[in-house]
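# sequence-free structure coming up:
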């Protein structure tokens, strides 16, 4: 949202939507390491098969998916992991959100998380999502109904009274209707990030912080200069988030044209009386505000998208004030105190689809970027898609579940 099992060595199969309502997913085939990807030889500890630039959720998911097959190093510029967008994100796994390709990937990710990660207590928590159609948004009702019909999961159309039973602070007199996705789950972002890296390390992956890439050269292999070392590798994965275009330019490749969009969020006290922990994530139908439980507190946002640049962004007071006004209007919540506020960058390609796969001009340079507001909930599936690309180098025209990603206008816009 902000900025809210297949075998471990399996490939991602097609993910067609049958009858517009559910996923039909074939079992992934067993993968053997292709002879076209020899391991880097030599005793140098800084030689790897794959260097992943960026230690956020994308870099961690890529390392998790690749480490069982290849020697992997994750290079994080900051002194700690998840400093930027990942560490500032509240994530809900919802299949009624975003475009159909994103919903398909989210469904695949749900399958992975509820099987391969099933033993992790607290990783997924039942949350539900409640989309609110306010009085005066009559046209949004038809859009909401169309979205409900197209959704691969259960989405119920509710009257204001029923919506209020799910979110007791909702002002039913200002609510025209609501959509409810009861199966949506809250994701513990920090726990998922750490588990990806734990599993990657268990297969020998190295994770290095304070390793800002300052230069990239490509001869027969890639040479990545960092603050205090040079890494040599066969493949580069560009998981640098808002900085992904800058990394491509450093590598001598054309940028995608990614746009970082700033979003602000804040924490405020929960209302007295308890029970807020069971409330759904409640969102305006036009996604112009939302709030949800955040442990003993509440999290709110203006759901803003302000064009920005790659940097360590800070919250804007005006965005917090606008969110408070909207939330206070549609609910009986009285937000008199902001306990904490922050901002993160949600980075998009022009078509708002993720950019995942090999660069058209250099097939050993792999993009994993443009993840917008869905990078966490799609990370299990996209991590596997990325590994599929690195390990097999399929034809971009091959009809796999990521065909639309590598053919994204954001990826191949006049490249």
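Now that the structure is in, tell me what you want to look at. Quick caveat: nothing in here was measured; it's all calculated off a predicted structure.
# Can you mark which positions in the longest strand seen in the chain are buried?
Secondary structure of the chain per DSSP state E: the longest strand is strand 259-269. Using 16 or more other C-beta atoms under 10 Å as the test for burial, strand 259-269 gives 259, 260, 261, 262, 263, 264, 265, 266, 267, 268. Glycine gets a C-beta too; all of them are placed from N, C-alpha and C.
# so what strands line up beside that strand?
Here strand 259-269 is paired, per DSSP bridges, with strand 297-301 (antiparallel), strand 306-307 (antiparallel), strand 340-348 (antiparallel).
# Apart from its chain neighbours, what residue comes closest to residue 232?
Spatially, and ignoring its direct neighbours in sequence, residue 232 is nearest to residue 47 (4.9 Å; C-beta to C-beta, 6 or more residues apart in numbering).
# Please report how far the one you found lies from residue 176.
Per C-beta to C-beta, to the nearest Å, residue 47 is found 61 Å from residue 176.
# Same check on residue 218?
Counting by C-beta to C-beta, the gap between residue 218 and residue 176 amounts to 56 Å.
# Okay, and the beta partners of residue 215?
Under the criterion DSSP bridges, residue 215 forms beta bridges with residue 225.
# which residues does it contact?
224, 225, 250 (C-beta atoms under 8 Å, 6 or more residues apart in numbering).
# now the closest residue to the last one other than its chain neighbours: how far from residue 48?
Taking C-beta to C-beta, 6+ apart as the measure, residue 250 lies nearest to residue 216, with 4.8 Å between them; neighbours along the chain are not counted. The gap separating residue 216 from residue 48 is 14 Å, by C-beta to C-beta.
# ditto for residue 141
Taking C-beta to C-beta, one finds residue 141 at 53 Å from residue 48.
# Could you check which of those two is surrounded by more residues?
residue 48 (26 against 15; other C-beta atoms under 10 Å).
# who touches that one in this structure?
Neighbours of residue 48 in contact, by C-beta under 8 Å, 6+ apart: 40, 70, 71, 72, 73, 206, 231, 232, 233, 234.
# Next step: the residues you listed restricted to strands.
In this view, the contacts of residue 48 that belong to strands under DSSP E are 72, 73, 206, 231, 232, 233, 234.
# hmm, which two among those are most spread apart?
Greatest spacing in these, by C-beta to C-beta: 206 and 234 (15.3 Å).
# quick one, domains of this structure?
17-88+189-257+350-412, 129-182+259-345 (automatic domain parsing).
# still on that earlier bit, neighbour-wise, which one of the contacts of residue 48 leads?
Most crowded among the contacts of residue 48, counting by other C-beta under 10 Å, is residue 72 at 29 neighbours.
# what about residue 218 and residue 176, which has more around it?
A side-by-side neighbour count of residue 218 and residue 176, using other C-beta under 10 Å, places residue 176 first with 18 against 15.
# and that one, what element?
Per DSSP states H and E, residue 176 falls inside strand 175-181.
# quick one: average confidence on that strand?
Strand 175-181 shows a mean pLDDT of 94.
# ok, back up a step: pLDDT value on the residue nearest to residue 250, please?
97.
# got a list of what it touches?
Applying C-beta under 8 Å, 6+ apart, the residues contacting residue 216 are 222, 223, 224, 225, 236, 247, 250, 251, 252.
# how would you label residue 132: helix, strand or coil?
Using DSSP: H, G, I helix; E, B strand; the rest coil, the structure places residue 132 in strand.
# If we ignore the residues flanking it in sequence, what's nearest it?
Nearest to residue 132 is residue 178, by C-beta to C-beta, 6+ apart, at 5.3 Å.
# residues touching that neighbour, list them.
Going by C-beta under 8 Å, 6+ apart, residue 178 touches 130, 131, 132, 133, 157, 158, 159, 160, 162, 163.
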